[in-house]
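Undergrad: Quick check, what structure comes out for this input:
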Amino acid sequence: MIEPWLEVLRPRVRGERALDAVREIARHHRIQASPGYDDAARWLAGTLADEGFDVRIEEVAADGRSAYLGCVMPEGWSVRTATADLVAAGTRERIADFASEPLSLVQRSAPARGTYPLVALADGTEREHYEGVDVRGRVVLTEGAVQRVHQLAVVERGAAGLLAYGRRLVPPTLRSARSSADGVVRLHYLVERGATRPRRTAGRGSRPAGTRRRRTRSTPPSPTD
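TA: The predicted structure is shown next:
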């Protein structure tokens, strides 16, 4: 039953084409319900259409409430600019910029602007780590798990935000503890005091309620084509 379809696919499938497709899709910052996700969906739909597939992009309200296929759709998220600077002793050093490194901004951060004192915590994932430490209105520098530190520092203690510094080791490109600095990934976001959602770093941005989460469906060409 499946053989006719495999005969159609075999002459069209090549490792080089698959790698080219991965490279193209990887160009887009594909956070759900974001412009990058939509751009990737449009590219995929166009590529499939060029191959003779009947393609339809389904749009679902990205409002954080609507459900589709049993899942609640996330709110739309879009970033125009986001930067973080370290200011000390009359100097200013840029440590993160969304324009050059989109992954430097924790996804779904929301807008914020200002200058905040910095307090360093070795970890910050346990309540005892905050004994004798006032984080209210400050940005917390941490190597701990971001979601846990966000809950303890921001939601419960009124910190202005987080600056997370660490290294993510992912197979098959594992790095040892003695790896050079190019293995370090910096992540950051700021949150409004007392907020339960992350806030974006200094810069402008929006999260339009009308943004849609896109899904691409396609119908393969007939085996006789």
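
Undergrad: When you work out contacts or count neighbours from here on, use the C-alpha atoms and nothing else.
TA: Noted.

Undergrad: Show me what V119 is bridged to.
TA: V140 (DSSP bridges).

Undergrad: dump the residue contacts of the residue nearest the centre of the chain.
TA: Nearest residue to the geometric centre of the chain (Cα atoms, centre = their mean): Q107, 3.7 Å. For Q107, the contact set (Cα atoms under 8 Å, 6 or more residues apart in numbering) comprises I31.

Undergrad: Grab the longest helix from the chain for me.
TA: Scanning the chain for the longest helix, with DSSP state H as the assignment, gives helix 35-50.

Undergrad: for that one, the distance to its chain's centre please.
TA: 19 Å (Cα atoms, centre = their mean, to the nearest Å).

Undergrad: Give me the buried stretch members for it, please.
TA: Going by neighbour count (16 or more other Cα atoms under 10 Å), the buried part of helix 35-50 is 35-42, 44-45, 48-49.

Undergrad: Tabulate the residues you listed (JSON lines), appending distance to P4.
TA: JSON lines is the format used below for the buried residues of helix 35-50 (distance: Cα to Cα, whole Å):
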{"residue": "P35", "distance to P4": "37"}
{"residue": "G36", "distance to P4": "35"}
{"residue": "Y37", "distance to P4": "33"}
{"residue": "D38", "distance to P4": "32"}
{"residue": "D39", "distance to P4": "32"}
{"residue": "A40", "distance to P4": "29"}
{"residue": "A41", "distance to P4": "28"}
{"residue": "R42", "distance to P4": "28"}
{"residue": "L44", "distance to P4": "24"}
{"residue": "A45", "distance to P4": "23"}
{"residue": "L48", "distance to P4": "19"}
{"residue": "A49", "distance to P4": "20"}
